Every structure is written in C-alpha cells, then in structure tokens.
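*Asks:* Predicted model and sequence follow; I will ask about them next.
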Amino acid sequence: MSEAKWKEERETLLERLRKYEQIAAESQAEAAVYRDMLEDCYEAAKQAYNSKDIDLLPKIIRFNSMGFTMPGEQEGKALGKLFLNAYMRDARWLRHAKKALEQIKADAENLPEDNETNAELKKRIIAAAENGLITHV
C-alpha cells in the first residue's frame, strides 16, 4: 500500500472513529436523561407504595403532573444531544474559569507588599482565587 493511500485510509478511519465517539457520547447522554426520569418514577412509586396511596403517583411525578410523558426514541435522542451540548459547554466554561483563576492567583503572588493595604489586598485576592479553584462536589 502506498503512503498516500495509507494516509487516505487512516483519515477515513479517524473520521469514522470521531463519528462513533460522537454517537457514543450522545447515547450516554440520552441514557442519562432517561435514567433521571426513571429515578423520579421510582421515587414516586416508592413514596406511593410506602404511604399506601396510589393516587399520589400523578401528584408526585413532576412530568406527569405537568401532562408530560416519557419521551419517545426521537425525543430521547434530541434530549440526549441537548444534555451533551450543555455538559460540554459547561465543561469548557469551567476550564476557562479555572485558567483565569490560576492566572489571577499567579499575578497576585507577584504583587508587591510595600504597605499594609497592599499586603492585605494580595492575601484577599489569593484567598479568593484559591477558594474558586477548590473542587466543589
């Protein structure tokens, strides 16, 4: 196989791999949407069973009380894509915010402490940046 043919074949395979990765990510997001809805249904059923009041089900399940039903296959896929896009957007935003806080902290550490006010300000800026960099779970 020639090198040009090999490179062409490699690019084709990489493009297919990217497509399959996108499909896998969307499928996982779709599953997350369904899982959230199913957990709500399970919780509602458990509460109705424990209270021995089946009439509670439509009141407890938030999407049933709004006239919403479980999405079909196409709606589930659309919700999965929206969920994935929102997740990716938030992940990018958080990555940029983290870099900005790291830069603020680094810049603050270089501030001179030539008087009491500057020293206090430097400590407060560094503390605020460090607080923002803590992983909150």
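*Replies:* That came through fine. Numbering: from 1, shown residues only.
*Asks:* what sits against residue 87?
*Replies:* residue 29 (Cβ atoms under 8 Å, 6 or more residues apart in numbering). Quick note: C-beta positions are derived from backbone N, CA and C, even for glycine.
*Asks:* Which of the helices or strands spans it?
*Replies:* Element membership for residue 87, per DSSP states H and E: helix 73-109.
*Asks:* Would you state the helices of the chain in chain order?
*Replies:* Ranges of helices in the chain, per DSSP state H, are 3-51, 57-60, 62-65, 73-109, 116-133.
*Asks:* tell me the most buried of the ones you listed?
*Replies:* Highest mean neighbour count of the helices of the chain: helix 57-60, a mean of 15 (counted as mean count of other Cβ atoms under 10 Å).
*Asks:* For that helix, the averaged confidence score.
*Replies:* The average pLDDT within helix 57-60 is 61.
*Asks:* and if you look at stretch 115-130?
*Replies:* Rounded mean pLDDT across stretch 115-130 is 89.
*Asks:* list the contacts for the closest residue to residue 98 other than its chain neighbours?
*Replies:* Nearest residue to residue 98 in three dimensions, chain neighbours excluded: residue 133, at 6.5 Å (Cβ to Cβ, 6 or more residues apart in numbering). Residue 133 makes contacts with 98, 101, 102, 105, as judged by Cβ under 8 Å, 6+ apart.
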